[in-house]
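**Student:** model the structure of this input:
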Amino acid sequence: MEDTLKRNKIGVAGLALLGATSLVLAGCASSGGGTGTETEGTGGSTDAVITTNGSEPQNPLIPTNTNETGGGKVVDSIFAGLISYAADGSVVNDVAEEITTDSPTQLTVKIREGLKFTDGEEVTADNFIKAWNYGALLSNAQNASYFFEDIEGFSYDEDSELSGLEQVDDYTFTITLNKPAADFAQRLGYSAFFPLPDVAFDDMKAFGENPIGNGPYKLAEEGAWQHDVRIDLVPNEDYDGPRAAKNGGLDIVFYATQDAAYQDLQAGNLDVLDAIPDSALETYESDLDGRSVNQPAAIFQSLTIPEWLDGFQTDEEGKLRRAAISHAINREQITDVIFKGTRTPAKDYTSPVIDGWSDSVPGNEVLDYDPELAKELWDQANAIQPYSGEDFTIAYNADGGHQTWVDAVANSISGALGITAVGQPFPDFASYLDARDNEKVGAFRAGWQADYPGLYNFLGPLYATGAGSNDGKYSDAKFDELLSTGISETDEAARNATLLEAQSVLFEDLPALPLWYSNVNGGWADGVQNVEFGWNSVPLYYEITK
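**Tutor:** A predicted model of the protein is given here:
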């Protein structure tokens, strides 16, 4: 987000999920981040505050309602879940003492005693059970409710309690699934599964403005979230886990453009930047002189064509138009010319850094640039029903550095099909998301930064019927069935094979057009030390010093 994307494979060390025997995740209170990259010696001040770039969160900072990167960066810093992920994607215990898989549908969770929220309340099993039930309840309309659908009692149709959650004692609870979910234990580091203190349920909206967590950081003070400006965090002295802060705090500054953030980085006014603007991709490695990173990450970029867009419903006409648009996009040229090789044209809907990835999913030839075939398919669609739309628009947020590539994609489509394709910019991420969620856009750019290192995470949340991040409103019974069958497989090879078959359905329907995989391209200022970017492109902020 090396010239090409390395095909690293990230496994989950020691995690034989849902096998025939019970599983115990090893306890870990040491840092999961490794030594990182250091500049100008080692060490650094533990009192120094680290500044980094961010964006205005879309919603109040409730873990189960945060499914975008602006809010996620904050929520992941101020809360701790049962597990967390080390830099390479491997699992370490955080709040959990152990997680035991008793059967393909039964897990037992034992949490560590004596852990506290920043208001002094002890973290108990009840804090997880209440938070998960809140996130799953239909009437609460939480963005991440989909993550609870495998737990017994979940309903998309009515308010219901998660009957599959049962408290054994203050520090132990069991999870009963309504069907086997082979990677469920691996998911538990995602923010949807964070606990909430009792005070949150007094007024959830107010709590979201000044959240009280149990993670490595906490809000510097009440009102530390200055909307559209920044949010300031300080270390949580009561946090006892693998992500303890080694610095004096984290100030997340919301920038209108990536170019502005990069200028501040060069001037020494910003310590860490997790996304280099397009304008600097040719020069940033020499500009920063050893203080940059270019490594594979679990990030997938696509162009979503929503079901509400006239002429593009997933019937014969719509499928022809979707395939025509896909063949009209010159992915190789765009990744080479605009991204200078820091992106790799996509071959599937997931990421090469995830175990089970394949570049030969049946149907993926629709990703090949073929302007003549694109025009032929478009004409076939017009023979069924003439295209009644005006411009083919691509919505995007202008603060995310997307204009250059969106314009290039639009020009590629226009040139191949003889239609007018144009970008539709929104000033910031939050306003773009609001317009998208209210169906006030046509096609739109989409990016997915994995929640946990598994193939299913790139498929279920984005394309399953009713899923929380299924923003294009796609629904297909065959895909849903294959997805359900795949995630129920306890054998990893069989599971991955079925999930690849599910992707072949996506290549037929094209609810989204895969564009490219991203490297993480970031940098840090002179004097900043111990910078390491994780498997999902996010810096391990708690490790950074200066």
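
**Student:** list the buried residues in the strand or helix carrying residue 413.
**Tutor:** Residue 413 is located in helix 403-417, with elements delineated by DSSP states H and E. Along helix 403-417, the positions that meet the burial threshold by neighbour count (16 or more other CB atoms under 10 Å) are 404, 405, 406, 407, 408, 409, 410, 412, 413, 414, 416, 417. Bear in mind the C-beta positions are built from the backbone N, C-alpha and C, glycine included.

**Student:** excluding chain neighbours, give the residue nearest to the third one in space.
**Tutor:** Nearest residue to residue 406 in three dimensions, chain neighbours excluded: residue 423, at 4.2 Å (CB to CB, 6 or more residues apart in numbering).

**Student:** and the one you found, how many residues sit next to it?
**Tutor:** Using other CB atoms under 10 Å, the number of residues around residue 423 comes to 21.

**Student:** ok, residues contacting the one helix or strand it maps to?
**Tutor:** Using DSSP H and E, residue 423 falls within strand 421-426. Strand 421-426 has contacts (CB atoms under 8 Å, 6 or more residues apart in numbering) with 391-398, 403, 406-407, 409-411, 413-414, 432, 435, 441-442.

**Student:** the same query, at a cut-off of 10 Å, please.
**Tutor:** Residues lying outside strand 421-426 but in contact with it, judged by CB atoms under 10 Å, 6 or more residues apart in numbering, are 325, 328, 390-400, 402-415, 432-436, 440-445.

**Student:** need the CA coordinates for that strand. CSV is fine.
**Tutor:** Only the C-alpha atoms of strand 421-426 are listed here, as CSV (Å, rounded to 0.1, in the frame of the first residue of the first chain):
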residue,chain,number,x,y,z
ALA,A,421,-16.0,6.9,-16.8
VAL,A,422,-15.0,9.4,-14.2
GLY,A,423,-13.9,9.6,-10.6
GLN,A,424,-16.4,10.8,-7.9
PRO,A,425,-14.3,12.3,-5.1
PHE,A,426,-15.5,12.8,-1.5
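
**Student:** low-confidence regions, the stretch 301-450 of the chain specifically.
**Tutor:** Scanning the stretch 301-450 of the chain with the threshold set as pLDDT under 70 gives no residue ranges.

**Student:** which positions in the helix or strand hosting residue 336 come out as buried?
**Tutor:** Following DSSP H and E, one finds residue 336 within helix 331-337. With burial defined by 16+ other CB under 10 Å, the residues of helix 331-337 counted as buried are 331, 334, 335.

**Student:** may I see the residues you listed organised as JSON lines, with distance to residue 124 added?
**Tutor:** Supplementary listing: the buried residues of helix 331-337 in JSON lines, determined by distance: CB to CB, whole Å:
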{"residue": "331", "distance to residue 124": "50"}
{"residue": "334", "distance to residue 124": "51"}
{"residue": "335", "distance to residue 124": "49"}
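
**Student:** nearest to residue 341, of those?
**Tutor:** Nearest to residue 341 among these is residue 335, at 6.9 Å by CB to CB.

**Student:** so residue 438 versus residue 365, what's the distance?
**Tutor:** Using CB to CB, to the nearest Å, one gets 35 Å for the distance from residue 438 to residue 365.

**Student:** neighbour-wise, which of those two wins?
**Tutor:** Remark: of residue 438 and residue 365, residue 365 carries more neighbours, 12 against 8, as counted by other CB under 10 Å.

**Student:** contact partners for that one?
**Tutor:** With CB under 10 Å, 6+ apart as the criterion, the residues that contact residue 365 are 326, 327, 507.

**Student:** from the chain's centre, how far out does stretch 358-371 sit?
**Tutor:** Between the centre of stretch 358-371 and the centre of its host chain there is 24 Å, according to CA atoms, centre = their mean, to the nearest Å.

**Student:** in that stretch, what counts as buried?
**Tutor:** 358, 361, 363, 364, 366, 367, 369, 370, 371.

**Student:** ends of it, what's the gap?
**Tutor:** As for stretch 358-371, its first-to-last residue distance stands at 26 Å under the measure CA to CA, to the nearest Å.

**Student:** beta partners of residue 425?
**Tutor:** Bridge pairing for residue 425 (DSSP bridges) gives the partners residue 396.

**Student:** ok, it to residue 343 distance?
**Tutor:** When distances are taken as CB to CB, residue 425 and residue 343 turn out to be 20 Å apart.

**Student:** adding distance to residue 386 and secondary structure, write the buried residues of stretch 358-371 out as JSON lines.
**Tutor:** Below are these laid out as JSON lines (distance: CB to CB, whole Å; DSSP: H, G, I helix; E, B strand; the rest coil):
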{"residue": "358", "distance to residue 386": "38", "secondary structure": "coil"}
{"residue": "361", "distance to residue 386": "33", "secondary structure": "coil"}
{"residue": "363", "distance to residue 386": "27", "secondary structure": "coil"}
{"residue": "364", "distance to residue 386": "30", "secondary structure": "helix"}
{"residue": "366", "distance to residue 386": "23", "secondary structure": "helix"}
{"residue": "367", "distance to residue 386": "27", "secondary structure": "helix"}
{"residue": "369", "distance to residue 386": "26", "secondary structure": "coil"}
{"residue": "370", "distance to residue 386": "23", "secondary structure": "coil"}
{"residue": "371", "distance to residue 386": "21", "secondary structure": "helix"}
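
**Student:** now render these as TSV, adding distance to residue 77.
**Tutor:** As requested, these are arranged in TSV below (distance: CB to CB, whole Å):
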residue	distance to residue 77
358	34
361	36
363	40
364	37
366	40
367	36
369	41
370	45
371	46
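
**Student:** ok, so of the residues you listed, who is nearest residue 235?
**Tutor:** Nearest member of the buried residues of stretch 358-371 to residue 235, counting by CB to CB, is residue 358, at 42.6 Å.

**Student:** can you pull the contacts of the nearest residue to that closest one once chain neighbours are set aside?
**Tutor:** Across the structure, with CB to CB, 6+ apart as the measure, the residue nearest residue 358 apart from its sequence neighbours is residue 500 (5.7 Å). If you count contacts by CB under 10 Å, 6+ apart, residue 500 has them with 348-350, 356-358, 360-362, 455, 459, 482, 486.

**Student:** can you give me the pLDDT of residue 500?
**Tutor:** You'll see residue 500 listed with a pLDDT of 96.

**Student:** again with residue 33
**Tutor:** The predicted local confidence for residue 33 comes out at a pLDDT of 31.
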